[in-house]
Structure formats: C-alpha cells, structure tokens
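Colleague: Need a 3D model of the sequence below.
(chains A and B)
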Protein chains: 2
Amino acid sequence: MSKPSITTILSPRLLQLYDISNSIVVIIDVFRATSTIATALYNGAAKVIPVDSVEQCIATGRNLNAITAGERDGKIIPGLQYGNSPAEYYRDFIHGKTLVLTTTNGTRLLHMALSKGASEVVTGSFPNISAVCNHLLQMNKNVILGCSGWKDRFNLEDTLFAGAIIQRLQEHFTINGCDSSLMAENMYGLHKHHLYSFIQKTSHWHRLAAYGLEKDLEYCITEDGANVLPVYTNNALIAAK
Amino acid sequence: MSKPSITTILSPRLLQLYDISNSIVVIIDVFRATSTIATALYNGAAKVIPVDSVEQCIATGRNLNAITAGERDGKIIPGLQYGNSPAEYYRDFIHGKTLVLTTTNGTRLLHMALSKGASEVVTGSFPNISAVCNHLLQMNKNVILGCSGWKDRFNLEDTLFAGAIIQRLQEHFTINGCDSSLMAENMYGLHKHHLYSFIQKTSHWHRLAAYGLEKDLEYCITEDGANVLPVYTNNALIAAK
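Modeller: Residues are numbered from 1 along each chain as shown, chains lettered A, B, ... in the order given. Take a look at the predicted model:
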C-alpha cells in the first residue's frame, strides 16, 4: 500500500494551489498563536475560539462571557483583555475558561482550510509536536502542513516546525513531489541542534524580541511543553481526548 | 552608507506582497526558460521575446519572421517550431535571429514585475550567474530575486539559484528581514558541493527527466556556460553590451 503524503504550504497565499480535500491540515503559527493555543488547552482551557478581527473577538467574548485576547505590535489590543503570550495562560488562570483569540495569520489560514474541504484541522507548534505527530501517525491520511507566515510572506519558524514534523514522520509518509517539504526538512536538519541561535536570525524574532519577548520565543521553539492536540470542532479548538 | 537589500520572492503569487519599485528584478526560471534565454543571447540571438501564450507566440513569430519556441510536457507545442532546450540554440543556428519564446512561469512574472514598477528587469540562471552578479554589484541598488516556481508553487531549483546569487553578493548587500533569502542562502550552502545529485530529488527534475532531458538539466545547473546579461528593453530581452 502506498504511503500517505505530506505537503507543505509555505504561505496562506499559496493554499489555493493545492487540493487539500480529505487531508488533515495542521495550522502552524509558531510565533505565537499556535503555541499559545496549545498552552491554553494543555492548562485546561475549555476551548479556544480563533477569530480574525478585533470586533469579532470583543463580540464573541461578550456573548460567551469569555476571555478576549490579541496583540498588535507586542501590546494588548485596546478593548481586549489579554495578550498573545503563552505565559499568560497558566493553569490557575485559564483552567475551565474559554479563550477568544484574535490572530492575523493563523486564523485566516484555518478558515481557508475549512472552506477548501480539509477533513480535519488541528494546530501545531513545538510545544505540542509529539501530540500532533502521534495523531498523524495514527490517522495515516494525507497531511497538509499549513504555514501561516507573516502577512502572507514566507517565514522560517513555521517552516522549521514543518521540517521537524517531516523528520519525525518521514518513514511512514512520502514527500515526493513537494519541494517545500524537502526544503523544510533540510532546513530543520541543518539547524535542529542550534535552533535557538539560528532562530535569532529570522525576521519575526527581530520583530518580537524588540518587544522584550525573548522568553516567549524560547518557549515557542521548545518541544512538548504543552503536549495536547487542539482539534477544530464547532468553531472552536478543543483538546482531543 | 547602508547596503542595498536583496529580497527573494519564492513564487509569482507572492510578488504583490512586496514593494519592488526602484529595484532591479532578476527573473529566475532555472528549468529551463532563463537558462535557454541566456544561451540563445550568448550564442548571438538578436533578441528573445518572451510571451505567455501560444497564440501570441505564433502571431509575433509571423509578424517578425522570427523563430517560435515552446514546450508542453517535454514536447514542442503544435504550431511552434522549436522547444525550450538550451541545446537547440547553438551559435550557427541562432546567431542574428529573433526568438519568440512562450513560457508559462517566467514570462508572467516578468510582466508582473514591470507592471509593479521595477526599475530594471534582467533574467538569471546558472549559465549566466557571473554576468548577473557583476551587474548587480555595479548597480548597487536594491535587488529582487523573483523565482518563477512551477505553476506558482515553490520550487527548489530557482531557490538554489537565488541562494547562489546571495552567497556571491552578501558582503555588499543585506538580506536582513527576508527569511526567504536566508533560507535560499542556507539551502545553496548545504548543497552547492553536490548540486547535481541533490537536484535529482526535486519535483521538477522528476518531471523533466521523465522526458529524457537529463543533459539539459545538468547544463542548467552549471555556472557560466552562457555568460551574458539579458536585459528587458522594448518588449524583448537583449544582451547587455
């Protein structure tokens, strides 16, 4: 029997070039949305509702009596309550609560993936890489690794995470025909033993480190700190049982 | 004085995310359009007119009494005279002639770059890498490396060429803030000593090698076999003096 495939999509802008129907789509937004989502769910959040506008975040938060969160330029967006740092969502605070999170890059990709017929949408990040990989191995279906990028531009942190997934799964999946996957795997292989120093060369690091977020970023490239599988169901991400 | 920048754009689909005004755009379509263009001009073609449809190729060829060329699926397109192999355009045949070449990926990117206000458009490939690099060094302006990709998808051969350019120019230019350039440079650095074996892993190689084009592909990743600078002027690419 032929192996299922792994395809990497380097920007939401490229998603429409691919047939993603009947595939599991892994939404990747390493700095920091999908790392924050994993952390909140791991620490017991009831669910995380990703929305793509501040207005929707405020309205949904009010309707559900939920926590609203989002940042622009490293600061909490006026009208919202919390930011986009995984460190904010520790267990004593987030347990049992619903978080409405507005993110620019990841949320739009998630909605696009659903509208294009993905069979399942999950979110991935280094803090929950093992949970994601175990699920993909178990499902044995075609996989789309969807990098959120930065304002639709290619970014390295999402690509490196895609490469990390591919390295773990490559025995059981094929990446034939997908140059993006081959590149991602190569880049991760090249830098996995010094990820922290390499990531400091990337554009997003510079943007966020300027806001004093180095600790956050270090957490976001560390494996399995929040090992849970966020699955999108009924407009929200919940931790798979 | 600050150094000019090099920005790499991994797919025509991503071009609109970037400000390319006042920049020199290098159109890259390694397999095989820009390699063929360099070769034809190096061997004395009067000019190469890139067009994006077969109909336009036939009409322009008739108007100018020029050679028409283009391939689909490794075969000459019905109605055109020649293919897209650099080997077809040897000196005794092409000298003094005009070539009208239809290509899917590179031509569209070239026209997009012009419409977005590039200050100059040139074409690049391994066979003319030194001519391109010398020109960029001399001009000392911001550079956009535009990868044509394959049907708007990311591909590795164009990325590797972008990386080769960056390695040669990095002392005099900055790639800060451009993760695509950092990745391209890394990928080229990783594979430059075994480019021929690595390129055989790429999707485009498999597509073209199936048509028996290995010799072509080997030529297309060899440096300086056709060291000329194709510059786009008056709807045609001509060899810079």
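
Colleague: which residues in chain A form strands?
Modeller: Using DSSP state E, the strands of chain A run over residues A:6-9, A:24-28, A:47-51, A:67-69, A:71-72, A:75-76, A:98-102, A:120-124, A:143-147, A:230-233, A:236-239.

Colleague: Quickly, which of the ones you listed bottoms out on average pLDDT?
Modeller: Between these, the lowest average pLDDT goes to strand A:71-72, which shows a mean of 87.

Colleague: is it possible to export the strands of chain A to a markdown table including distance to B:Ile238 and mean neighbour count?
Modeller: For the C-beta atoms, the positions are set from N, CA and C on the backbone; glycine is no exception. Conversion of those to a markdown table gives the following (distance: least, Cβ to Cβ, whole Å; neighbours: other Cβ atoms under 10 Å in any protein chain shown):
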| stretch | distance to B:Ile238 | mean neighbour count |
| --- | --- | --- |
| strand A:6-9 | 38 | 27 |
| strand A:24-28 | 44 | 29 |
| strand A:47-51 | 52 | 24 |
| strand A:67-69 | 57 | 24 |
| strand A:71-72 | 48 | 18 |
| strand A:75-76 | 52 | 13 |
| strand A:98-102 | 51 | 25 |
| strand A:120-124 | 49 | 25 |
| strand A:143-147 | 39 | 29 |
| strand A:230-233 | 54 | 20 |
| strand A:236-239 | 56 | 22 |
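
Colleague: so which of the ones you listed gets nearest chain B?
Modeller: With respect to chain B, and counting by Cβ to the nearest Cβ, the nearest of the strands of chain A is strand A:6-9 at 8.5 Å.

Colleague: Name the strands paired with the closest one and say parallel or antiparallel.
Modeller: Strands that pair with strand A:6-9, judged by DSSP bridges, come out as strand A:143-147 (parallel).

Colleague: For the helix or strand of chain A with the lowest mean pLDDT, which strands pair with it and how are they oriented?
Modeller: When the helices and strands of chain A are scored by mean pLDDT, DSSP states H and E, strand A:71-72 comes last with a mean of 87. Strand A:71-72 sits in its sheet next to strand A:75-76 (antiparallel), going by DSSP bridges.

Colleague: Go ahead and measure how far the strand it pairs with is from the middle of the chain.
Modeller: Averaged C-alpha coordinates place strand A:75-76 at 20 Å from its chain's average position (Cα atoms, centre = their mean, to the nearest Å).

Colleague: One more: stretch A:94-114?
Modeller: Its chain's C-alpha centre lies 9 Å from the corresponding centre of stretch A:94-114 when counted by Cα atoms, centre = their mean.

Colleague: list the contacts for A:Ser197?
Modeller: If you count contacts by Cβ atoms under 8 Å, 6 or more residues apart in numbering or on different chains, A:Ser197 has none.

Colleague: Any idea what the nearest residue to A:Asn65 once chain neighbours are set aside is bridged to?
Modeller: Among residues not flanking A:Asn65 along the chain, A:Thr98 sits closest, at 8.0 Å (Cβ to Cβ, 6 or more residues apart in numbering or on different chains). Following DSSP bridges, A:Thr98 is listed with bridge partners A:Lys47.

Colleague: A:Thr98 contacts A:Ala46, doesn't it?
Modeller: Yes. The criterion here is Cβ atoms under 8 Å, and A:Thr98 meets it with A:Ala46 at 5.2 Å.

Colleague: Common neighbours of these two, please.
Modeller: By Cβ under 8 Å, 6+ apart, A:Thr98 and A:Ala46 have no common neighbours.

Colleague: I would like the residues contacting stretch A:210-227, please.
Modeller: A:30-32, A:35, A:38-39, A:41-43, A:73-75, A:85-87, A:125-131, A:157, A:160, A:164, A:195-196, A:199, A:205, A:208-209.

Colleague: Could you list the buried residues of it?
Modeller: For stretch A:210-227, a neighbour-count test (16 or more other Cβ atoms under 10 Å in any protein chain shown) marks A:213, A:216-217, A:219-222, A:225-226 as buried.

Colleague: from those, which ones fall inside helices?
Modeller: Using DSSP state H to define helices, the subset of the buried residues of stretch A:210-227 located there is A:216-217, A:219-220.

Colleague: Distance to A:Asp92 added to these, as CSV?
Modeller: What follows is those, written out as CSV (distance: Cβ to Cβ, whole Å):
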residue, distance to A:Asp92
A:Asp216, 19
A:Leu217, 24
A:Tyr219, 18
A:Cys220, 21
